[in-house]
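1. just a sequence and a predicted model for now, questions to come.
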Amino acid sequence: MTAPLYIAYHSVDHSIDYWQKHLSPLVPGIELVHADEARAQEAEVLLTWNPPEGMVAGLKNLKGVVSLAQGVDHVLNGKTFPSHLKFARLIDPYMSEAMAEWVMLTVLEYHRDVPQYRAAERRKDWIRLEPNIAADTTVAIMGLGAIGSVVATTLTKLKFNVIGWSRSEKSLQGVTAFHGDDGFDACLTQADIIVSILPLTTETENIYNSTTFSKMKPGAAFINSGRGKQVVEDDLIAAVDSGHLRGATLDVMRVEPLPTDHGFWDHPKINVWPHVSAQTHGATSGPQIAEAIADIRAGRDPRNSVNIARGY
Ligand code: NAP
């Protein structure tokens with residue numbers, strides 16, 4: 001009988017059985033073990049979402065880590081990550097498509113004046129508002145990476161005027177792409193709807209605050225599915241309450257789950273989603289996790305390696 005292949009596991013998102021089920025057909029002999037068990041000390045790879053500080057450095061046989069998400073802030077930010085380890089993340093086309101669906105849903109809510117029509121329905125009021133023309137509506141996608149580029153392209157298919165922002169220069173058909181600090185301001189000042197899908201790094205933490213909200217067009221809507229810590233939440237409430245912003249739709253919060261006494265819950269112009277816009281799925285991401293495990297064990301750089309110095 002061949003010895004089991006121990007792979008360490010730590011996540012609060014899915015059970016260990018969930019991943020065991022999805023990875024067993026793909027990785028011969030795999031046995032997931034909780035990262036705090038003694039057997040995990042034999043593991044060369046850790047699969048994780050949000051390991052506690054010290055867990056990664058404490059696994060002495062480790063060659064690398066696989067993030068069970070597209071984001072990596074939950075593994076890197078404020079935590080020790082030994083420099084000899086390889087680090088892979090997910091880049092799952094299913095997640096880009098799921099995010100594109102969610103962004104379409106939320107953008108169309110504003111574009112088709114859903115809040116006004118639902119309020120009118122509650123009043124039994126047969127109102128008909130002036131229609132908005134997609135081509136006259138500018139949607140900015142902040143972050144044109146694996147997910148943002150698919151979201152931006154999907155929005156062009158509905159004829160929106162799509163602009164976007166990234167760190168490096170980009171060329172995407174039908175999208176006016178900006179980069180750098182000037183590009184950030186250009187997007188904020190032009191967009192009717194701002195959609196942020198940025199990774200959380202030292203550069204993007206608190207990037208949406210009273211100063212940057214004030215640069216947004218009066219009446220703009222703000223949508224965030226990147227990370228909650230990119231938004232100064234009191235500043236967002238102030239920007240909406242003052243009437244400067246039309247409203248906000250948020251899938252991510254500074255503290256998750258959102259505390260029950262948080263001002264977002266009851267705010268009539270702020271829509272709360274429980275971090276579900278693009279969820280990790282075992283069936284769609286299993287093959288690339290299996291591939292990353294094989295690469296890390298063989299000492300190869302995994303296909304979707306994280307640039308640790310850059311933080312995403
Ligand atoms: P990605 O492929 O790494 O793309 C990140 C994009 O952000 C890139 O275009 C990058 O520019 C840009 N960017 C990063 N830092 C920047 C900066 N300082 N200035 C300007 N642009 C910057 O990431 P992804 O896979 O698309 O995912 C993006 C984020 O979405 C994840 O990190 C995660 O936080 C979030 N997410 C949320 C959910 C959810 O359910 N809510 C699901 C999945 C992911 P370059 O292209 O020039 O590098």
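-> Cool, the structure landed. Please read these numbers as outputs of a predicted model, since none were measured by experiment.

2. give me the element the residue of the chain at minimum distance from the ligand is part of.
-> Nearest residue of the chain to the ligand (C-beta to the nearest ligand atom) works out as Gly145 at 1.7 Å. Where C-beta positions appear, they are placed from N, C-alpha and C, glycine not excepted. Using DSSP states H and E, Gly145 sits in no helix or strand.

3. one more: Pro268?
-> Secondary structure assignment for Pro268, by DSSP H and E: no helix or strand.

4. how about the residue of the chain closest to the ligand, nearest residue that isn't a chain neighbour?
-> Among residues not flanking Gly145 along the chain, Ser166 sits closest, at 7.0 Å (C-beta to C-beta, 6 or more residues apart in numbering).

5. touching, that neighbour and Ala140? I think so.
-> No: contact criterion C-beta atoms under 8 Å: Ser166 and Ala140 do not qualify, at 11.6 Å.

6. okay, the two: which has more neighbours?
-> Comparing Ser166 with Ala140 by other C-beta atoms under 10 Å, the one with more neighbours is Ala140, at 27 against 20.

7. list the contacts for that one?
-> Counting by C-beta atoms under 8 Å, 6 or more residues apart in numbering, Ala140 touches Val162, Ile163, Gly164, Trp165, Cys187, Leu188, Gln190, Ala191, Ile193, Ile194, Val195.

8. dihedrals phi and psi, it?
-> Main-chain dihedrals, Ala140, degrees, to the nearest 10: phi -100, psi 130.

9. same check, this time on the one 5 residues further on
-> Summarising the backbone geometry of Gly145 under the convention degrees, to the nearest 10, its torsions are phi -90, psi -150.

10. and what of Val272?
-> Dihedral pair for Val272: phi -110, psi 130, per degrees, to the nearest 10.

11. with Ile270 instead?
-> phi -120, psi 120.

12. okay, now the closest residue to Trp265 other than its chain neighbours: neighbour count?
-> In this structure, Trp265 finds its nearest non-sequential neighbour in Val272, 6.2 Å apart by C-beta to C-beta, 6+ apart. A count of nearby residues for Val272, using other C-beta under 10 Å, gives 15.

13. would you confirm that Thr156 contacts Gly164?
-> No: with contacts counted by C-beta under 8 Å, Thr156 stays clear of Gly164, the gap being 10.5 Å.

14. quick check: neighbours shared by the two?
-> What both Thr156 and Gly164 touch, as defined by C-beta under 8 Å, 6+ apart, is the set Val175.

15. secondary structure element for Ala248, which one?
-> Assigned by DSSP H and E, Ala248 belongs to strand 245-250.

16. close to the ligand, is that strand?
-> No: against the ligand, strand 245-250 shows no contacts by C-beta under 6 Å from any ligand atom, the least distance being 9.5 Å.

17. that strand packs against which elements?
-> Where contact means 3 or more C-beta pairs under 8 Å, 6 or more residues apart in numbering; DSSP states H and E, strand 245-250 is packed against helix 93-111, strand 220-224, helix 233-241, strand 270-272.
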